[in-house]
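Enquirer: Based on what follows, work out the 3D shape:
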Amino acid sequence: MHGGGHRPWPPPGPRLLGRAQRFAADFVAEGSQAGDEAYGPPPLLSSYRNRKRIVFGYEMVCVHGAWEGPWVFRTWTAYFAGEGWSVRALTLPGHEPGGDARGVGLEEAAAAVAEGIRDPERTVLVGHSLGGWLALKYLEKNAVAASVLLMPLPPRGLSLEVRRRVRACGGWRLKTRVLMGRNCPLENAEAVRALGFGEGGQPASVRRFLAESVPESGRLLRQIALLPATSRLGGGIREGRLKKKQCGRPHLIVASGADALVTPSDLEGTARLLGAEMLRLETAPHVALLTDLALPLAGQVNAWLSRRLGPAEGFDEGP
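Expert: Just a heads-up that it's a prediction; the model follows:
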């Protein structure tokens, strides 16, 4: 753990993991609104701690990354719902099953995030990868209760080395589609494994990602590729405004040394910008949410939120 002088958090114990795994397997909920996968507390909550968490009044809103959908958060949303949180996983435009993201850009994706948040002051905003960048864009103008950024795309985009690696893995078809603004499906399983799950990536996780992914907007991918240039010209995220708006707020950035796309050193500047704490992992790949590490990581984030958040302002804790 980096920042604030806090000790590393212990992983959740066997009983907690077992309960979360059973709940994740058994609990499925339909979205309360079009474009959302919504999860709330299960009908019966046996623990006093869970009943108290509900009346704290917070809502966790999760934002997925490129090629993803709300399905990438299923393990997390089930886990946090079991812990008493109200949770929603948003669906970015064109990322529903069978959707068409053609023409969608960063502006439309950011607008969808803003539209999906009901009460910023009572929102715990979670973003993965591109969803982390979209969360930062939202935080530029809005103060939330807390944010958790999982391997987020940095404000100024990917490093030159990583952009070259992505282009090499994507091949000429991906380059052509991005340049022409066409939808870009994932066709190279080896590239998905190398970039998303690492050399030791679990085949089942790679297959699941490929099966559920949607073709990504070429326009959006082109904008991501140009972020280093547009940021220098004053586009993208306005870092000064972001820093001023989020001063003193609780933020957590999760980064991993095994991430092939965004390393901890890539995110140190973002952590300083937000005044965020940093949780550094050693073996987690970029899409850790679809691996066996998802539940232990959820337990660590839950412990951090429990430590940093009290009841939402103006909310009655009850008896």
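Enquirer: element containing the closest residue to Ser159 other than its chain neighbours, please.
Expert: Distances taken as C-beta to C-beta, 6 or more residues apart in numbering place Asp266 nearest to Ser159, at 6.1 Å, with adjacent residues excluded. Placement of C-beta: from N, CA and C, glycine included. Applying DSSP states H and E as the criterion places Asp266 in helix 264-274.
Enquirer: before we move on, back to that, how far away is the residue nearest to Ser159 from Ala255?
Expert: Using C-beta to C-beta, to the nearest Å, one obtains 8 Å as the distance from Asp266 to Ala255.
Enquirer: Please say which of those two ends up with more neighbours.
Expert: Shown here are Asp266 and Ala255; by other C-beta atoms under 10 Å, Ala255 has more neighbours (24 against 20).
Enquirer: so Ser231 sits right up against Pro154, yeah?
Expert: No. At 9.5 Å, Ser231 does not count as touching Pro154 under the criterion of C-beta atoms under 8 Å.
Enquirer: More neighbours: the two, which one.
Expert: Pro154 (21 against 17).
Enquirer: who touches that one in this structure?
Expert: Trp133, Val262, Asp266, Leu267, Gly269, Thr270 (C-beta atoms under 8 Å, 6 or more residues apart in numbering).
Enquirer: wait, which of these is closest to Val214?
Expert: Closest approach between the contacts of Pro154 and Val214, by C-beta to C-beta: Trp133, at 18.2 Å.
Enquirer: and the helix or strand hosting the closest one with helix 264-274, angle?
Expert: Assigned by DSSP H and E, Trp133 falls within helix 130-139. Put simply, helix 130-139 runs at 20 degrees to helix 264-274, going by axes from the mean of the first three to the mean of the last three C-alpha atoms, to 10 degrees.
Enquirer: could you pull out the helices for the stretch 151-300 of the chain?
Expert: Remark: helices assigned in the stretch 151-300 of the chain by DSSP state H, counting those that start in this stretch are 160-180, 189-192, 203-212, 218-225, 227-232, 239-246, 264-274, 294-308.
Enquirer: Any chance of these in CSV with mean pLDDT as columns?
Expert: Below are the helices of the stretch 151-300 of the chain laid out as CSV (pLDDT from 0 to 100):
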stretch, mean pLDDT
helix 160-180, 78
helix 189-192, 90
helix 203-212, 92
helix 218-225, 93
helix 227-232, 86
helix 239-246, 88
helix 264-274, 94
helix 294-308, 94
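Enquirer: and the helix holding Trp133, C-alpha only, in PDB?
Expert: The C-alpha trace of helix 130-139 is given here as PDB (Å, rounded to 0.1, in the frame of the first residue of the first chain):
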ATOM      1  CA  LEU A 130     -11.100   3.100 -20.100                       C
ATOM      2  CA  GLY A 131     -13.800   3.300 -17.400                       C
ATOM      3  CA  GLY A 132     -11.200   4.700 -15.100                       C
ATOM      4  CA  TRP A 133     -10.400   7.500 -17.600                       C
ATOM      5  CA  LEU A 134     -14.100   8.200 -17.900                       C
ATOM      6  CA  ALA A 135     -14.400   8.300 -14.100                       C
ATOM      7  CA  LEU A 136     -11.500  10.900 -14.000                       C
ATOM      8  CA  LYS A 137     -13.400  12.900 -16.700                       C
ATOM      9  CA  TYR A 138     -16.500  12.900 -14.500                       C
ATOM     10  CA  LEU A 139     -14.400  13.800 -11.400                       C
END
